[in-house]
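Q: what's the 3D shape of this:
(one chain, ligands or ions: 1)
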Amino acid sequence: MIREEAKIKIDELVELLQKHNYNYYVLSNPTISDYDFDILLKELEQLESQFPEFLRPDSPSLRVGGEPSKNFETVVHKYPMLSLSNTYSEEEITDFDTRVRKVTGDDVEYVCELKYDGLSIGLTYINGILEQAVTRGDGVQGDDVTNNVRTIKSIPLKLHGDFPNEFEIRGEIFLPLDGFNKMNNAREEIGEQAFANPRNAASGSLKMQDPTEVAQRPLDCFLYYVPGNQLDVPTHYDSLLESKKMGFKVSKNIAVCRNTNEIFEFINDWSYGRKQLNYEIDGIVIKVNSLAQQKQLGFTAKNPRWAISYKFKAERAETKLLSIDYQVGRTGAVTPVANLKPVLLAGTTVKRASLHNSDVIKNLDVRINDSVYVEKGGEIIPKIVGVNTKLRSLESRPVIFTSHCPECGTSLTKKEDEAAHYCPNEDHCPPQIKGKLEHFISRKAMNIDSLGEGKIEMLYDNNLLVDVADFYQLVPEELLGLEKIIPGKNGKKDSRISFQAKTVSNIIIGIEKSKDIPFERVLFSLGIRYVGATVAKKLASHFKNIEAIEKATFEELIEVDEIGIRIAESVINWFSKPEHISIIRKLGEAGVKLELEESEGESSNILNGSSFVVSGVFEKHSRDEIKTLIEKFGGKNTSSISSKTGYLIAGNNMGPAKRKKAEKFGVPIISEDDFVSMIEPIA
Ligand code: IVH
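A: Below you'll find the predicted structure:
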């Protein structure tokens, strides 16, 4: 096919597939079979790989996931992402209405919406093309998760009709219940821990590094707020209608209410109606409709004064507390779990409930054989929230909190200022050993992603792993053919995981690769209490190698910037144990980095604080490598272009929107080679 024809065909296919995506995911009204859709998509992908210069930033082929990213960039929100103040009663809504009317007068209208239980997201479109998706974070700045969000089919990559050149809209990403259940069943079948609830699953999915994996998760998104009246319309309701016209998924379960009675009716309807929905809501959001009135009301430091959320009360049941078990978590914290006489709660039979810690037991004055109230909040495990003392009988016995670890028998400890009891046997208590092993391989630590919770458990059960140095002693022959049978639940067949050649070789390669992980992350991977990633970085750059940290005195430790008494004590304590020293020796012998690389400690300031945006695909370095070099040579990484940006480093396939923006602000666009020559005198 000649180039011109290819371009025309690619454009045609992109638009056709966009239309079908919209029909399917936004309107829920598909007009083509899945099979025919896939054929068209394959045709598009084939043409795009043949003519990469015509790959459009809004191509539906990008929804299958882009390049994996190691860390998400932090982006400052243009409009702060505030939360809503919560209420639980009708009186509080009446109070809210009174407060509003004092400012706006009596001519006021409200929009009632569902409160989706997911994660808020801000989407920015430049010239109608999705440019950036940022999580709420702390409200001031969040994570750039654009590549992951592109995989969500109901989010338009390109807007329809009229739209401002730069446009930001807010909404909630969530996981529909059917998708959530399917995903959890699949996880349980391969021995991975199920997600506690759809919100955790959605948030876990959005934070995954590899967008191709995110693309497998059936995430969805409702849009509910356009900040800053960017559409120049009189009401919030109009802004939603306009957004709908642009192709966004806006819920139809919205009502305009004239008074509190109409609001209560909406709340009442949905407190029952929510059970029919294929997604979770945890309340109702009430917003003043007129944007002029919203402006009049303004914001407090944390919340808008023109909106409020009404949270549904958790469902509650009453039953008998039969006994208490104790569970030891990965960190050694011991949690009491109540065994209950089975009771029906929110559609499921509940037999166990969390009691959190000994303070909760004491404060609620819960006793064995008491009649207790159980509530289901956002988590799968319900919790005990109170006792019906009227039904307390002679059988009732006070709870004596266990004094020993149920896993390893060690005496428990409890610090004055902490609620939890801990098992101090961190190196020999099974769940704690597994916790340390899992921490070691995790993404921010040694990043051995060919291993996970299920596989670690198998290796541990087969005595192949006891401490983190054992990863480097694993040999393929020992792993090949290892098997685990996972008993089927609810009448389902048993399933088995077994280590095949491919799995084993991936594990060994992953472990081998971890030897390149820099010292500061190795230090973090050891799981020394209170030594998080930032503290590890500080210690590494101060002491340069593990031996110096091992030998450091308390005084030397607290001299380091940001290292206080608690951290110093913990470090001294960790290095005082001979078995920890032996782990370090073994890691060193295996070739794990226990000192800073020559160049790692030194940095240069040749880039003098200039800010860079790196975009596209590069030939000689990965994007992450370029970003590391920028920081190493005294520059700053930012993700969006503004008048303050120093340079845009452009790779292949960079989106046209970025180029346009750089041109608009007069930001120099440089190549990978140009950048390398900027730092060359030193590199
Ligand atoms: S409006 C400035 N509408 O609830 C107000 N929020 O604490 C912007 N949420 O962070 C929020 N459904 O994640 C709004 N229909 C809805 C919502 C909603 C869920 C979430 C959102 C926000 C939190 C409020």
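Q: Quick check: the gap between the residue of the chain positioned farthest from its centre and the ligand.
A: The centre of the chain is farthest from one residue, residue 394, which by CA atoms, centre = their mean lies 48.2 Å away. Using CB to the nearest ligand atom, to the nearest Å, residue 394 is found at 47 Å from the ligand. Glycine gets a C-beta too; all of them are placed from N, C-alpha and C.
Q: Reduced to three states, what does that residue come out as?
A: Following DSSP: H, G, I helix; E, B strand; the rest coil, residue 394 is assigned to coil.
Q: Next up, phi/psi of residue 132, please.
A: phi -150, psi 140 (degrees, to the nearest 10).
Q: How confident was the prediction at the closest residue to it other than its chain neighbours?
A: Counting by CB to CB, 6 or more residues apart in numbering, residue 132 lies nearest to residue 124, which is 4.5 Å off, once chain neighbours are set aside. Note for residue 124: predicted pLDDT of 97.
Q: tell me which element residue 124 falls in.
A: strand 119-126 (DSSP states H and E).
Q: list the helices and strands the longest helix along the chain packs on?
A: Ranked by number of residues, the top helix in the chain under DSSP state H is helix 3-21. Counting contacts by 3 or more CB pairs under 8 Å, 6 or more residues apart in numbering; DSSP states H and E, helix 3-21 packs against helix 34-50.
Q: Show me where the stretch 1-150 of the chain dips below the pLDDT cut-off.
A: The stretch 1-150 of the chain contains residues with pLDDT under 70 at 65-71.
Q: at 80 instead, please
A: Along the stretch 1-150 of the chain, the model assigns pLDDT under 80 to residues 1, 28-30, 33-35, 38, 63-71.
Q: ditto for the stretch 251-400 of the chain
A: Ranges of the stretch 251-400 of the chain meeting pLDDT under 80: 301, 313-315, 346-347, 377-381.
Q: helix or strand for whatever residue of it ends up closest to the ligand, which one?
A: The ligand sits closest to residue 285 of the stretch 251-400 of the chain, with a gap of 4.1 Å, by CB to the nearest ligand atom. Element membership for residue 285 (DSSP H and E) is strand 281-288.
Q: Show me what secondary structure element comes after that strand.
A: helix 291-297.
Q: Tell me the pLDDT of residue 488.
A: For residue 488, the predicted pLDDT is 69.
Q: How about residue 658, nearest residue that isn't a chain neighbour?
A: Sequence neighbours aside, residue 615 is the residue nearest to residue 658 in space, at 5.1 Å (criterion: CB to CB, 6+ apart).
Q: ditto for residue 312
A: Nearest residue to residue 312, sequence neighbours excluded (CB to CB, 6+ apart): residue 283, at 5.3 Å.
Q: I'd say that neighbour and residue 308 touch.
A: No: using CB atoms under 8 Å, residue 283 is not in contact with residue 308; the gap is 9.9 Å.
Q: Compare those two (neighbour count), which wins?
A: Between residue 283 and residue 308, counted using other CB atoms under 10 Å, the more crowded position is residue 308 (26 against 23).
Q: residues from the chain in reach of the ligand?
A: 82-84, 113, 115-116, 120, 136, 172, 224-225, 285, 304, 307, 309 (CB under 6 Å from any ligand atom).
Q: Just the buried ones from those residues?
A: With burial judged by 16 or more other CB atoms under 10 Å, the buried subset of those is 82, 84, 113, 115-116, 120, 136, 172, 224-225, 285, 304, 307, 309.
Q: can you put the residues you listed in a markdown table and add distance to residue 72?
A: Formatted as a markdown table, those follow (distance: CB to CB, whole Å):
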| residue | distance to residue 72 |
| --- | --- |
| 82 | 21 |
| 84 | 25 |
| 113 | 28 |
| 115 | 26 |
| 116 | 22 |
| 120 | 15 |
| 136 | 13 |
| 172 | 19 |
| 224 | 23 |
| 225 | 22 |
| 285 | 27 |
| 304 | 27 |
| 307 | 28 |
| 309 | 27 |
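Q: could those be laid out in TSV, adding secondary structure?
A: TSV is the format used below for those (three-state DSSP):
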residue	secondary structure
82	coil
84	coil
113	strand
115	strand
116	strand
120	strand
136	coil
172	strand
224	strand
225	strand
285	strand
304	strand
307	strand
309	strand
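Q: Buried ones in the longest helix of the chain, by neighbour count?
A: 6-7, 9-10, 13-14, 17-18, 20-21.
Q: before we move on, what about stretch 320-334?
A: Using 16+ other CB under 10 Å as the test for burial, stretch 320-334 gives 320-321, 324, 326, 328, 330-334.
Q: what about the strands in the stretch 351-500 of the chain?
A: 367-368, 371-376, 383-387, 397-398, 421-422, 483-486, 495-498 (DSSP state E, counting those that start in this stretch).
Q: Show me what the first one is packed up against.
A: When contacts are defined as 3+ CB pairs under 8 Å, 6+ apart, strand 367-368 sits against strand 315-328, strand 397-398.
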